[in-house]
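Colleague: Dropping the sequence and predicted coords here.
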Amino acid sequence: MESNKKVILISENEELYKSFKRAFKAIVNLKVVGYLIKFGIKQNIVMNITIDNNDINTWLWGEFRSIKKALNPLIVIGTEDKESFIKKNPVFSAYSDEHAYFRIPFDLNNFLGKVRNMKPIYDNVTRKLMVKDFSKGYEYTLITHDLKIIKGDKTPTIENLLQIRDFYQSKGDNKTAKIIDEKVKAINSKDDWEQVALEIKNYLEERLRGKP
């Protein structure tokens with residue numbers, strides 16, 4: 001393995017972090033580091049441990065592949081049955097060189113073999129296509145659940161709209177991103193901002209249903 005390649009471990013469990021750090025150093029001479037702000041070179045492997053079976057979807061298509069535009073290969077470790085996990089997250093099957101899931105407990109040799117052979121996403125064009133094809137669940141949550149219009153308080157509505165704007169920009173849909181930007185400006189300047197927010201929410205929901 002390249003000497004500058006690292007494993008970036010995302011976990012709230014300090015003991016797991018220490019265990020993986022010792023194992024990787026001893027067996028494959030690969031450095032394990034905690035996640036701070038950036039994922040570094042795209043060859044760095046990102047490992048997310050979700051012991052409590054938390055939904056990985058929001059992090060994967062929100063922060064990881066969209067906001068951070070990460071090209072890094074990804075390993076998810078959890079307790080959910082592998083078949084069930086991949087059914088809910090088909091990108092792990094379609095892009096199996098760049099994504100892997102391991103259910104605890106797992107065979108260490110198989111795990112390390114996968115680590116050795118993982119590849120980063122080729123380029124940003126490929127990443128955008130991946131987000132477009134596999135992020136429908138996250139997009140649905142963003143628009144139907146996270147985009148709340150709170151009477152008399154426009155700030156959280158604007159923040160959620162900007163998050164949605166960033167998501168569409170990240171997958172190359174600049175037309176929708178521009179429409180959201182225009183609506184945000186209108187929300188900032190108009191007294192009937194709640195109606196404007198409702199209009200853009202309805203528009204985005206109609207797009208999800210396949211309407212023009």
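Modeller: Structure received.

Colleague: Domains in the chain, by residue range?
Modeller: 6-134, 136-208 (automatic domain parsing).

Colleague: would a markdown table of the ones you listed with mean pLDDT be doable?
Modeller: Formatted as a markdown table, those follow (pLDDT from 0 to 100):
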| stretch | mean pLDDT |
| --- | --- |
| domain 6-134 | 85 |
| domain 136-208 | 89 |
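
Colleague: Can I get those in a markdown table including mean neighbour count?
Modeller: To be clear about C-beta, it is placed using only N, CA and C from the backbone, and glycine gets the same treatment. Converted to a markdown table, these look like this (neighbours: other C-beta atoms under 10 Å):
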| stretch | mean neighbour count |
| --- | --- |
| domain 6-134 | 16 |
| domain 136-208 | 16 |
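
Colleague: Pull the contacting residues for residue 151.
Modeller: The neighbours of residue 151, taking C-beta atoms under 8 Å, 6 or more residues apart in numbering as the test, are residue 194.

Colleague: just residue 170 next, same as before
Modeller: Residue 170 neighbours (C-beta under 8 Å, 6+ apart): 65, 66, 67, 69, 128, 131.

Colleague: any idea how far residue 71 is from it?
Modeller: 12 Å (C-beta to C-beta, to the nearest Å).

Colleague: How about residue 147?
Modeller: From residue 147 to residue 71 the distance is 28 Å (C-beta to C-beta).

Colleague: any idea how far residue 47 is from residue 104?
Modeller: In terms of C-beta to C-beta, residue 104 sits 13 Å off from residue 47.

Colleague: got any residues that touch both of the two?
Modeller: Going by C-beta under 8 Å, 6+ apart, residues that sit against residue 104 and also against residue 47 are residue 77.

Colleague: Which residue is the nearest non-sequential neighbour of residue 58?
Modeller: residue 138 (5.9 Å; C-beta to C-beta, 6 or more residues apart in numbering).

Colleague: isn't the one you found right next to residue 61, touching?
Modeller: Yes. Residue 138 lies in contact with residue 61 (C-beta atoms under 8 Å); the separation is 3.7 Å.

Colleague: hang on, isn't residue 23 packed against residue 115?
Modeller: No. Judged on C-beta under 8 Å, residue 23 makes no contact with residue 115 at a distance of 10.7 Å.

Colleague: contacting residues around the most centrally placed residue in the chain?
Modeller: The structure's the chain has its C-alpha centroid closest to residue 60; by C-alpha atoms, centre = their mean the separation is 2.0 Å. Applying C-beta under 8 Å, 6+ apart to residue 60 gives the contacts 74, 89, 91, 138.

Colleague: again with residue 127
Modeller: Per C-beta under 8 Å, 6+ apart, neighbours of residue 127: 65, 69, 70, 71, 121.
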